[in-house]
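Asker: Give me a 3D structure for the following:
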Amino acid sequence: MRILLGDADSPIIQSRGAEELFGHGIESRCRVALMHYRPLVASSNVELRVHDTTLYNSMFVGDDHMIVNAHVFGMNAYGAPVYHLRHMREEGLFDTYATSFEAVWKQSRLPGEER
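Answerer: Numbers count the residues shown, from 1 in each chain. I've put the predicted structure just below:
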């Protein structure tokens, strides 16, 4: 399992809070998520990383299913659309989002690791 969270100390993440008129809420969510997910790293099957890229969506993937919460400028994620995608053919929308995740994963780092 790979978990990729926004880096709460990143100016990009902090900017998103301002854009959503949510203040430090996004940063707080990132910190709380990291606190709750960190114990999972003790399992040999879990990798946890942070990133400081612009967040266009949140993705949750299991087997051939993906839930995508598409972020909308100026709107909190809970009010934005959610799509349920199934991997039915190569190079479809599922693969587009999966490729996006891989690109962010490649530039991510371990929590606490210097940028």
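Asker: which residues are contacting stretch 9-21?
Answerer: For stretch 9-21, the surrounding residues in contact (CB atoms under 8 Å, 6 or more residues apart in numbering) are 6-7, 23-27, 30, 51-55, 73-76. All C-beta atoms are positioned from the backbone trio N, CA, C, and that covers glycine.
Asker: next one: stretch 63-73
Answerer: Contact partners of stretch 63-73, identified using CB under 8 Å, 6+ apart, comprise 19, 55-61, 77, 79-88, 94, 97-98.
Asker: One more pass at 7 Å, please.
Answerer: Stretch 63-73 is contacted from outside by 19, 55-60, 77, 80-87, 94, 97, using CB atoms under 7 Å, 6 or more residues apart in numbering.
Asker: Of those, select the buried ones using a PyMOL command.
Answerer: Buried subset of the contacts of stretch 63-73, written as a PyMOL selection, criterion 16 or more other CB atoms under 10 Å:
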select buried, resi 55+57+58+59+77+85+94+97
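Asker: do you know how far residue 84 is from residue 68?
Answerer: As for residue 84, its distance to residue 68 is 8 Å (criterion: CB to CB, to the nearest Å).
Asker: next one: the helix or strand bottoming out on mean pLDDT in the chain to chain centre, how far?
Answerer: When the helices and strands of the chain are scored by mean pLDDT, DSSP states H and E, helix 11-19 comes last with a mean of 80. Computed by CA atoms, centre = their mean, to the nearest Å, the separation of helix 11-19 from the middle of its chain amounts to 14 Å.
Asker: Check stretch 64-75 too.
Answerer: Mean C-alpha position of stretch 64-75 versus that of the full chain (CA atoms, centre = their mean) differs by 10 Å.
Asker: the helices in this structure, which residues?
Answerer: 11-19, 25-37, 93-106 (DSSP state H).
Asker: Could I get the ones you listed in a markdown table, plus columns for distance to residue 115?
Answerer: Output for the helices of the chain, formatted as a markdown table (distance: least, CB to CB, whole Å):
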| stretch | distance to residue 115 |
| --- | --- |
| helix 11-19 | 11 |
| helix 25-37 | 15 |
| helix 93-106 | 14 |
